[in-house]
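Novice: Return atomic coordinates for the entry below.
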Amino acid sequence: MRNANGYGVIIGPGGVVEEIDTFTCCHCNGIVHVHAGMKPDELGSWCTLCGQMHCAKLTCRTCFPFEKRMERAEAVYRAKKS
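Specialist: Okay, the predicted model is just below:
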């Protein structure tokens, strides 16, 4: 991946430090670790509807952005509260 959005540091057993690039899936809000030499289909793909990267999970192939899910959940909460 040419321009990953994030940066992760994983400290493993024995204090072994691994630094990796990451990006956040726009559909499930999951963190995807981008390792050198990964195949593009292992990373996910670009969503043409919302214009962001999503992970390779089957549930993330349909465009339903995480932000929209939160807005819908908040609207349901407000409706139940009133």
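Novice: tell me the mean pLDDT over the longest strand seen in the chain?
Specialist: In the chain, assigned by DSSP state E, the strand with the most residues is strand 17-24. The average pLDDT within strand 17-24 is 91.
Novice: repeat for stretch 29-40
Specialist: In this model, stretch 29-40 has a mean pLDDT of 88.
Novice: Can you pull out the residues in contact with it?
Specialist: The set of residues external to stretch 29-40 that reach it, using CB atoms under 8 Å, 6 or more residues apart in numbering, is 1, 4, 6, 8, 20-25, 43-44, 53, 55-57, 66. All C-beta atoms are positioned from the backbone trio N, CA, C, and that covers glycine.
Novice: Pull the distance from the longest strand of the chain to the chain's centre.
Specialist: Averaged C-alpha coordinates place strand 17-24 at 13 Å from its chain's average position (CA atoms, centre = their mean, to the nearest Å).
Novice: Give the other helices and strands that it contacts.
Specialist: Packing partners of strand 17-24 (3 or more CB pairs under 8 Å, 6 or more residues apart in numbering; DSSP states H and E): strand 6-11, strand 31-34.
Novice: will you turn those into TSV that also has mean neighbour count and distance to Ala79?
Specialist: TSV is the format used below for the helices and strands packed on strand 17-24 (neighbours: other CB atoms under 10 Å; distance: least, CB to CB, whole Å):
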stretch	mean neighbour count	distance to Ala79
strand 6-11	10	35
strand 31-34	17	31
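Novice: for the most centrally placed residue in the chain, what are its contacts?
Specialist: Nearest to the mean C-alpha position of the chain, by CA atoms, centre = their mean, lies Cys25 at 1.8 Å. Residues near Cys25 by CB under 8 Å, 6+ apart: 31-32, 44, 53-55, 57, 60, 66.
Novice: Name the nearest residue to it, sequence neighbours excluded.
Specialist: Spatial nearest neighbour of Cys25, chain neighbours left out: Cys55 (4.0 Å); criterion: CB to CB, 6 or more residues apart in numbering.
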